[in-house]
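>>> Let's see this in three dimensions:
(chains A and B)
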Amino acid sequence: MSGFELARPEALWGLLLGLPVLLFHLYARRRQRIVVPYAGLLREALGPARPTSRFKHLREAASLLMRLTALACLVLAIGGLRPATAKTPPVDLMLVVDGDVTTAAVEARLAPRLALGLELAAAHARAHDGGRVGAVLAGDPPTLLAPLDADREAVARRLDRAASQAAGRPLQTGEAPLPAPAAVDTDLDAAVRAAAAAATERGRGRVVVISARPVAELDAADVELVLAGVGTARDDQRIADLVVAPGAGLAYDVGVELTSDAKQTATRRVVATFVDDGTSVFDESVEIDAEQGATVRFAATPPGRAGAMLEVRFEQPDAFARNDVVRAWLAPRRKPSVLLVKSGQPRAFTALVLDQLADDIDVEQSGFVDAADFAEAEMRDVVVVDGVALPEGGLRPGAYVFLAPLQGALPFEVGAPIQKPLVWRTTAHHPLVRWLDFSAADIQVGVSLTGEGLVPLGFADDAVVVAEGEQGGVRYVALGLDPRASYLSVQTALPLFLRRAVLRLAQAPVTPLEPFYRVGDALRPRLPLPGGPAAEVRWAPFGAGREADVERAEARVDPRGTAWRVPAGAHGEARITPSGAGGWTGRTAFLDFAPERTIAPVRAPAEAPPARPKETPERDLWQWWLVVIALVLLALDLLLLPRSRRARS
Amino acid sequence: MSELFTQAERARLDRLRIHRRRRMPGERHGDWRTARYGAGGLFADHRHYAPGDDLRYVDWNVYGRLGEMVVKRFEAEENLNLLLCVDRSLSMDGAKSRRARRVAAALGYIALAHMDHVRLAWLPSPTTAPVHVFRGRDGGTKLLEELARVPEGGMTDHARDLKPVISSTRQRSVAVLISDFYDPQTAVAGLGRLRARRFDVAALHVMDVADLDLPRGASVRALDRETGQAIDVDVTPELIDSLHEAWRRRAYLMERWCIQREILYQRVDVGLSLWETLSDMLARGVVAGVGA
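Residues are numbered from 1 along each chain as shown, chains lettered A, B, ... in the order given. Next up is the predicted model:
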């Protein structure tokens, strides 16, 4: 023991209370002025005796000394006077527990990394030497697990409960749920800065960051930053990307890009199944190159007519299972049926082209109809209006290919006639007209195309002659040139254009939603939603069966409306329900491919510090003794107080 | 007069008179027998007739029996001069001053009721006139007005203050000095001068025990009311006892001094009523009953 120290030096300000005590003493000690009629008589009464009392002055000085000493004792007791065995002054400790998405990684004992971090935080709280302790979870958003509190054990118990809860312990009655690991990459540095500000509220502070991620250095000089690693798990496999494209026939071509963190080629078994009925689509062992990864391709045809959710996953998930599984909604595909609207016999070149499309269209469901009977005919996937005029009001919603001459009910307007154009131009990159050349067709008759929503694709003398568009539910491709008065019918340009137009219109999606959306993609439906634009979007992690895991968002999902983007961290199956859907629910998937994300810890896991021994009662005895001394001194002062003054007071 | 004394009190005062221990000459005819011969009603003796004597005073009966011409001589009946010397110094402020003025008023009323002359002298005098004279029934009202009008003030020096008073009084009379005698040296000197001029002197010592009340246990700075002299003392029980002892010793010495010089000494305790004080005066002979 080399001296004493104060746990709370600011209590020394209480010594200023001695000033009013001193002033009161001087005030009480002042001489009272009285007027007497007999100074001589008083002098005679005094005689040779001293006019003042020695004991009285001694008593007053002793009273002042006792009062000031009692005050000093109380101040020292409040200030926490103790033997100077404490090496360091007390500092406040803020514990920052990482709640990032990577803390969902399964560590040893099958506990998530978050649970290990919370256990380590509890150990740090118990080991903290002096000062207050608080804890914050750097999740999304950051959560204050425990405010700064001098009761370190209480904070540690709270962290223990949180750790057990994160490890899977069911909630008890009245217990607040712990925020789960975030679904996104959280800003750990911001949480550390906030914790540092809280820890240095009263002076020097300490921040212990429990995380497997890198942490930026702090600029503050009055805060000690301690980094404690947690977890050892590594992510040795992941699905890096997914491609779903229409394939041959009614199938989809599915491509899955796989990567591995192993230092050498690893063999992983990849399984693709339809979730609803468990039908297996793909089940193979894949060798994944350490540097280049591997790509798996297979065809998947959704069973039935309603579509199916395809799931692709590693058969054995690793510590971070979140990126080991993806899903995609495969809408049903079918061969388009074609209805040719004609006048009399179909024109030869048109019939020829349709015959050539026999492998691509549903011949059994296709047919011919005269323009006059079109209103009674069953609608097909694509209607080819071959140079005839549809009766007024006979244009029903659907897909149309209009071949000139153009007359009757149309979703666009017919402009000025064109004769023997000299200059030809096309929108070269558009798949409908790419590589098509009409300049050698010796066009004699044609009309220009105009109208709202019309997309120009080909021009003759700067007049639009080839276009596509949509008007009032009618999707169309129009050709303003008349094949009969040209060489179009004997050239390859026309049949190629007609085939492309039929297939383009037929292959248009039958469901408004894509198979999946990546994080950040705009959720813009390809078709108007059956129930209207306003929609509720819900998504839940793959395999989650609990309602509590479902995230909800009110979004305006509209082909022409403001794009609603898939939020960060969304990785799971999604359902979109229009407000007036009448029971219609669109299914799709949100996928969060984050190639830069890794759960590999940047530092070794920290050992739990030993718990700090409880303070010995001897240190508290000092403070109690000071209080007792102060009370004894005050009692003595009260006894010494003159009776007359006590009566006055 | 009616403000100080009620009808009943005045009736009680009417039954008293100023007691004179020896005969003194008066200024005018009055109720008092004097040592002089004059036109009084009381026969004194005879003397031989001398030419020029008033024949009305010849005692013809003696002449008839003895054949000698003698004339009758009578004691002159003259009034009494009462000199009231009232201490108005600052030390008298308070109850003592009120009691002193009330006693002076009572004595003055008694004297004026018997056609005596009252002379009032303030010690110290607030004006250049050392003495105020009051006569007759009307003089009582003026005397009371004068007693109520003059405030306390000045420092005590009875020897100095009595000198002009004695000089302005040609005839010997009854002199009553009313004071607290906190300055015994000057008081004794003043009383000595009165006695030397053959005044029938009475000393009324006004005493108030409340003067000795000091805050016990306090440290005080005592300021003399007249001189402003300051004394720092701690009021201990011993000091208070010593103060009471000195106070009593002074009164005793004053009384003994007066007795040795045939000066009537009377303590006037402000704690007693005026009538108790007058009763003490009656007992000591400062005043007497009308029939005595």
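
>>> alpha carbons only for contacts and neighbour counts from here, please
Fine.

>>> so after the one helix or strand in chain B whose mean pLDDT sits lowest, what's the next helix or strand?
Within chain B, no helix or strand scores below strand B:29-48, which has a mean of 60 by mean pLDDT, DSSP states H and E. Per DSSP states H and E, strand B:29-48 leads on to helix B:60-66 as the next helix or strand towards the C-terminus.

>>> Check the offset of that following helix from the chain's centre.
Relative to its parent chain, helix B:60-66 has a centroid offset of 47 Å by CA atoms, centre = their mean, to the nearest Å.

>>> Equivalent analysis for stretch A:195-207, please.
Using CA atoms, centre = their mean, the offset of stretch A:195-207 from its chain centre is 29 Å.

>>> Just the CA trace of it, in PDB.
Output of stretch A:195-207 as PDB, limited to C-alpha atoms (Å, rounded to 0.1, in the frame of the first residue of the first chain):
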ATOM      1  CA  ALA A 195     -19.400   3.300 -28.900                       C
ATOM      2  CA  ALA A 196     -16.200   5.300 -28.500                       C
ATOM      3  CA  ALA A 197     -18.200   8.500 -28.100                       C
ATOM      4  CA  ALA A 198     -20.300   6.900 -25.400                       C
ATOM      5  CA  ALA A 199     -17.200   5.400 -23.600                       C
ATOM      6  CA  THR A 200     -15.400   8.800 -23.500                       C
ATOM      7  CA  GLU A 201     -18.400  10.600 -22.100                       C
ATOM      8  CA  ARG A 202     -16.600  10.900 -18.700                       C
ATOM      9  CA  GLY A 203     -13.000  10.900 -19.800                       C
ATOM     10  CA  ARG A 204     -10.900   8.100 -21.000                       C
ATOM     11  CA  GLY A 205     -12.700   5.100 -22.300                       C
ATOM     12  CA  ARG A 206     -12.200   1.700 -23.800                       C
ATOM     13  CA  VAL A 207     -13.900   0.000 -26.700                       C
END
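
>>> wait, what's in contact with A:Arg132?
Contact analysis of A:Arg132 by CA atoms under 8 Å, 6 or more residues apart in numbering or on different chains lists A:Val91, A:Asp92, A:Leu93, A:Leu148, A:Asp149, A:Ala150, A:Asp151, A:Arg152.

>>> Quick check: closest non-adjacent residue to it.
Nearest residue to A:Arg132 in three dimensions, chain neighbours excluded: A:Ala150, at 4.2 Å (CA to CA, 6 or more residues apart in numbering or on different chains).

>>> cool, and B:Arg216?
B:Arg216 sits nearest to B:Val235 (CA to CA, 6+ apart), 5.2 Å away.

>>> give the contact list for the one you found.
By CA under 8 Å, 6+ apart, B:Val235 lies in contact with B:Leu214, B:Pro215, B:Arg216, B:Gly217, B:Ala218, B:Ser219, B:Val220.

>>> Give me the neighbour count for A:Gly247.
A:Gly247: 15 surrounding residues under other CA atoms under 10 Å in any protein chain shown.

>>> For the closest residue to it other than its chain neighbours, pull up the helix or strand it's in.
In this structure, A:Gly247 finds its nearest non-sequential neighbour in A:Asp253, 4.9 Å apart by CA to CA, 6+ apart. If you go by DSSP H and E, A:Asp253 is part of strand A:252-260.

>>> mean confidence score for that strand?
Mean per-residue pLDDT for strand A:252-260: 91.

>>> The helix or strand just after that strand pairs with which strands?
Once strand A:252-260 ends, the next helix or strand along the chain (criterion: DSSP H and E) is strand A:266-274. Strand A:266-274 has its sheet partners listed here by DSSP bridges as strand A:280-288 (antiparallel), strand A:308-314 (antiparallel).

>>> Could you dump those strands into JSON lines and include mean neighbour count?
As requested, these are exported to JSON lines (neighbours: other CA atoms under 10 Å in any protein chain shown):
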{"stretch": "strand A:280-288", "mean neighbour count": "16"}
{"stretch": "strand A:308-314", "mean neighbour count": "23"}
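
>>> Relative to A:Asp160, which of these is closest?
strand A:308-314 (34.1 Å; CA to CA).

>>> I'd like the mean pLDDT over the closest one, please.
In the prediction, strand A:308-314 has an average pLDDT of 94.

>>> how about the helices in the stretch 101-250 of chain B?
B:136-149, B:158-168, B:184-196, B:237-260 (DSSP state H, counting those that start in this stretch).

>>> least reliable of these going by mean pLDDT?
helix B:136-149 (a mean of 86).

>>> Against which helices or strands is that one packed?
If you count contacts as 3 or more CA pairs under 8 Å, 6 or more residues apart in numbering or on different chains; DSSP states H and E, helix B:136-149 packs onto helix B:95-113, strand B:132-134.

>>> just those: most buried one?
Of all these, helix B:95-113 has the most neighbours on average by mean count of other CA atoms under 10 Å in any protein chain shown, namely a mean of 23.

>>> circling back: against A:Val281, how distant is the residue nearest to A:Gly247?
12 Å (CA to CA, to the nearest Å).

>>> Overlap in contacts, the two.
Shared contacts of A:Asp253 and A:Val281, defined by CA under 8 Å, 6+ apart, comprise A:Ala299, A:Ala300.
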